[in-house]
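[1] 3D model of this:
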Amino acid sequence: MGPGEQMPSEHPIKITREALSDGTVAKLAAARDDAQTYVASEDELLASRRQLLADDADCSDIWVFGYGSLIFNPVFEHIDKCEARIYGRHRRFCLWTRIGRGTPERPGLVLGLDQGGSCTGLAFRLDPGNAIDELDLLWRREMISMSYQARWVTLHTADGIKRAITFVLVPDRPNYAARMPIETEVEIIASATGFIGHCRDYLFDTVDGLHQYGLRDPHLEKLAGLVKARLAL
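    Got it, this is the predicted structure:
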């Protein structure tokens with residue numbers, strides 16, 4: 001390993017329905033000795049979800065837009081999925097993480113939707129019968145540190161326009177990562193790791209997941225090539 005790189009987590013966990021439902025992920029996040037890491041309570045998560053979608057809302061046509069880990073590991077149950085594009089936001093490593101893919105001493109980076117451009121990804125349709133329960137599970141995953149903001153977005157798909165829930169980054173959040181030289185981005189992604197695993201694997205899995213559906217992200221592909229070259233040194 002190069003100077004300053006971390007040893008891998010001894011027992012990285014996989015994000016699963018069980019790990020989210022039984023509180024394993026929340027407990028591991030809360031165990032971080034880091035004043036900058038905030039872990040939302042169940043009440044806060046519930047209030048956040050209800051702010052976007054009430055318990056008694058019409059769930060006959062609820063979609064979720066995935067642009068990162070939801071592509072290769074959605075976890076929540078769904079009855080349909082399709083390729084989709086949103087406009088006005090683009091995928092970028094714009095969120096510092098001191099928990100799942102990093103540590104307080106060496107934060108990692110994960111993807112968010114930043115302002116401008118467009119983004120391709122997958123849209124998942126929820127079963128109307130259990131949509132609220134599945135969204136609560138999703139909130140435990142995506143909103144654990146309240147770093148994202150849940151929003152409705154317009155999806156452009158082969159079957160027309162759809163409305164979906166997704167999670168975006170806003171610059172005034174503490175964990176927002178401003179743009180940085182690509183060399184810095186590569187070094188962070190190549191070396192950071194947390195209790196979920198390596199930051200670099202998150203990048204590689206996202207690129208592979210996009211490719212499985214014939215989708216491309218030139219910047220992520222460039223990053224993946226540079227990270228692999230960095231690891232080969």
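
[2] From here on, just use CA atoms for contacts and neighbour counts.
    Noted.

[3] Output the contacting helices and strands for the helix or strand Ile86 falls within.
    Using DSSP states H and E, Ile86 maps to strand 80-97. Strand 80-97 sits against strand 108-125, strand 149-157, with contacts defined as 3 or more Cα pairs under 8 Å, 6 or more residues apart in numbering; DSSP states H and E.

[4] State the phi and psi torsions of the nearest residue to Leu169 once chain neighbours are set aside.
    Closest residue in space to Leu169, ignoring its immediate chain neighbours: Tyr148 at 5.2 Å, by Cα to Cα, 6 or more residues apart in numbering. Note on Tyr148: its backbone torsions stand at phi -90, psi 170 [degrees, to the nearest 10].

[5] hang on, isn't Tyr148 packed against Phe167?
    Yes. Using Cα atoms under 8 Å, Tyr148 is in contact with Phe167, at 5.6 Å.

[6] which residues do these two both contact?
    112, 142 (Cα atoms under 8 Å, 6 or more residues apart in numbering).

[7] Quick check: nearest residue in space to Leu231, chain neighbours excluded?
    Ala190 (6.8 Å).

[8] and the angle from the helix or strand where that neighbour lies to strand 80-97?
    Using DSSP H and E, Ala190 sits within helix 182-191. Relative orientation of helix 182-191 and strand 80-97, computed by axes from the mean of the first three to the mean of the last three Cα atoms, to 10 degrees: 100 degrees.

[9] model confidence over helix 182-191, on average?
    Per-residue pLDDT over helix 182-191 has a mean of 97.

[10] same deal with stretch 100-115?
    Mean predicted confidence for stretch 100-115 is 94.

[11] For this structure, name the helix or strand with the lowest mean pLDDT.
    helix 24-30 (a mean of 90; mean pLDDT, DSSP states H and E).

[12] quick one, whatever helix or strand comes next after that helix and strand 149-157 angle?
    Following helix 24-30 in sequence order, the next helix or strand is helix 42-52 (DSSP H and E). Going by the same axes, to 10 degrees, helix 42-52 is angled at 40 degrees with respect to strand 149-157.

[13] can you pull the buried residues of helix 42-52?
    45-46, 48-49 (16 or more other Cα atoms under 10 Å).

[14] Show residues contacting the helix or strand following it.
    For helix 42-52, the succeeding helix or strand toward the C-terminus, using DSSP H and E, is strand 63-66. The contact list for strand 63-66 (Cα under 8 Å, 6+ apart) reads 74, 84, 121-126, 162-166.
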